[in-house]
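K.L.:
Mind looking at a prediction? Sequence and model below.
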Amino acid sequence: MAKTKAVAPAPVTFEQGAHCPIAHITWTGAPRAAMSGHAMLDELRHAGPIVEIPYLSTKFYMVTQHDVALEVAQNAKLFPQQVHDMETGERVPYTFIPQMLNGAEHATWRRLLASYFAPGKINAIDDRIRDRAAELVKGLVDKGECDFVQDFALRFPTSVFLGMMGLPVDQLDMMLGWETDILHPDEPDPMVARDKAQAAQGAVTQYFAGMIAERRAMAPETRPAGIATEALDWQIDGRQVTDQELLQFYLLMFMAGLDTVTAELTYGFAHLANNPEDRQRLVDDPGIVDRVTEELLRAYPIVNIPREVSEDTVIAGCPVKAGSFVVVSLPSTGRDEKQHDDPLNIDFDRETKSHLTFGAGPHRCLGSHLARHELTIAYEEWHKVIPNYWVPEGYEATESTGGMMALTSLPLRWKA
């Protein structure tokens, strides 16, 4: 058993507000020291279950503790998904489907998509997922070192995603460039980062618009297999899904498929690289891999969920006005001392209580089974071939800031 890596938190200062602590932090900007984001969130959680955070010309409230986060996440009527831009207050020019839908419309889309991510569907492609992981590890083993982020974490789940969607794998590098600009722009100015992300979203939208036109022009029997093709014939409430809806669905799938498991892998392998006793236990007893996956998911969540407030209400004693922004910090809730005993300790024998790494309520992550499956296979296949590895001495890893946390690089070495 090993503690999560002790690092200095990203800078944070507090003042007492009228109803809850006010925390001054850097929410978006240039990359910061790896793990400093989780350490900062630990400080925010210790300050209270909800904190007010000034941001540009506005502010948002961050929910930091498990029970309050669960309450907010489950109440999608009072706290619907965010559809307004936090930087400008204007409604965003896109609607990621189904993530940014609410109410009955959201439920209808979830029912349509559920079968594609059901356990049986994912188990049926187990061999394909496992073969891809093994292929990547085999290509790295003789090199003796790699940047885990670039050489494995970005390429393993993304190629699985492309296969499920029926998109060309040879276009992966182009798509990864767009994904970085959308979710992890390396820009200290949040408005510049926003413009860069919107430009990349426009490029992705154009790509998918061309794909839709191309596949609609093909005879049905000659279209590539995969979700992207099947979606062309989807119906919602008896009507054909529009091309605009397809574009919004593809864009969400693009970002979720190319980033979430990648980000989770970076933290899991960083922990195992820095804690050889935990790594050796997995190598010696691969049968614990499911518990390894679950414990690392609990300790290193990556998503801060944006919500809005539909009417004046009170969260953990703090009044919040309709139209306010609320961020449910899953990376904080997984480390909440009120929910988990000694939460900064990684314990593969932990009797795991429920965690919120995949969210909760009607917007809980639709791809959670796929994510667990990919993570488990990655831990299995890597350690079959490369059981002993470490972060080179003197290297300082960095992570991205904002709503999605991920390591930007993770050099690993396994040959002296």
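P.N.:
Received, thanks. Numbers count the residues shown, from 1 in each chain.
K.L.:
for the most centrally placed residue in the chain, what are its contacts?
P.N.:
Residue closest to the mean C-alpha point of the chain, counted by C-alpha atoms, centre = their mean, is residue 260 at 3.3 Å. Residues counted as contacts of residue 260 (C-beta atoms under 8 Å, 6 or more residues apart in numbering) are 157, 302, 303, 365, 367, 371, 404. The way it works is simple: take the backbone N, C-alpha and C, and place the C-beta from them, glycine included.
K.L.:
buried stuff in the helix or strand that contains it?
P.N.:
For residue 260, the host element (DSSP states H and E) is helix 243-274. Within helix 243-274, the residues scored as buried using 16 or more other C-beta atoms under 10 Å are 245-274.
K.L.:
what mean pLDDT would you report for it?
P.N.:
Mean pLDDT, helix 243-274: 89.
K.L.:
immediately after it, which helix or strand?
P.N.:
Using DSSP H and E, the helix or strand that follows helix 243-274 towards the C-terminus is helix 276-284.
K.L.:
Any figure for the gap between the spatially closest residue to residue 200 that is not a sequence neighbour and residue 165?
P.N.:
Once flanking residues are discounted, residue 200 sits nearest to residue 181: 3.7 Å by C-beta to C-beta, 6 or more residues apart in numbering. As judged by C-beta to C-beta, to the nearest Å, residue 181 and residue 165 stand 20 Å apart.
K.L.:
Residue 47 too?
P.N.:
For residue 47, the distance to residue 165 - C-beta to C-beta - is 42 Å.
K.L.:
Then residue 350?
P.N.:
35 Å.
K.L.:
Repeat that for residue 25.
P.N.:
Residue 25 is 36 Å from residue 165, by C-beta to C-beta.
K.L.:
got it, and residue 119?
P.N.:
On the measure of C-beta to C-beta, residue 119 and residue 165 end up 19 Å apart.
K.L.:
Compare those two (neighbour count), which wins?
P.N.:
residue 165 (19 against 11; other C-beta atoms under 10 Å).
K.L.:
correct me, but the more buried one touches residue 256?
P.N.:
No: with contact defined as C-beta atoms under 8 Å, residue 165 does not count as touching residue 256 (11.1 Å).
K.L.:
where does the stretch 301-416 of the chain dip in pLDDT?
P.N.:
416 (pLDDT under 70).
K.L.:
quick one, strands of it?
P.N.:
Applying DSSP state E, counting those that start in this stretch to the stretch 301-416 of the chain gives strands spanning 304-308, 313-315, 318-320, 325-329, 345-346, 398-399, 411-413.
K.L.:
Take those strands and write them to JSON lines, including mean neighbour count and distance to residue 290.
P.N.:
Converted to JSON lines, those look like this (neighbours: other C-beta atoms under 10 Å; distance: least, C-beta to C-beta, whole Å):
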{"stretch": "strand 304-308", "mean neighbour count": "20", "distance to residue 290": "25"}
{"stretch": "strand 313-315", "mean neighbour count": "16", "distance to residue 290": "35"}
{"stretch": "strand 318-320", "mean neighbour count": "18", "distance to residue 290": "38"}
{"stretch": "strand 325-329", "mean neighbour count": "24", "distance to residue 290": "26"}
{"stretch": "strand 345-346", "mean neighbour count": "18", "distance to residue 290": "15"}
{"stretch": "strand 398-399", "mean neighbour count": "20", "distance to residue 290": "26"}
{"stretch": "strand 411-413", "mean neighbour count": "19", "distance to residue 290": "23"}
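K.L.:
Turn those into a markdown table, columns for distance to residue 30.
P.N.:
Listed next are those as a markdown table, based on distance: least, C-beta to C-beta, whole Å:
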| stretch | distance to residue 30 |
| --- | --- |
| strand 304-308 | 18 |
| strand 313-315 | 31 |
| strand 318-320 | 30 |
| strand 325-329 | 20 |
| strand 345-346 | 29 |
| strand 398-399 | 9 |
| strand 411-413 | 19 |
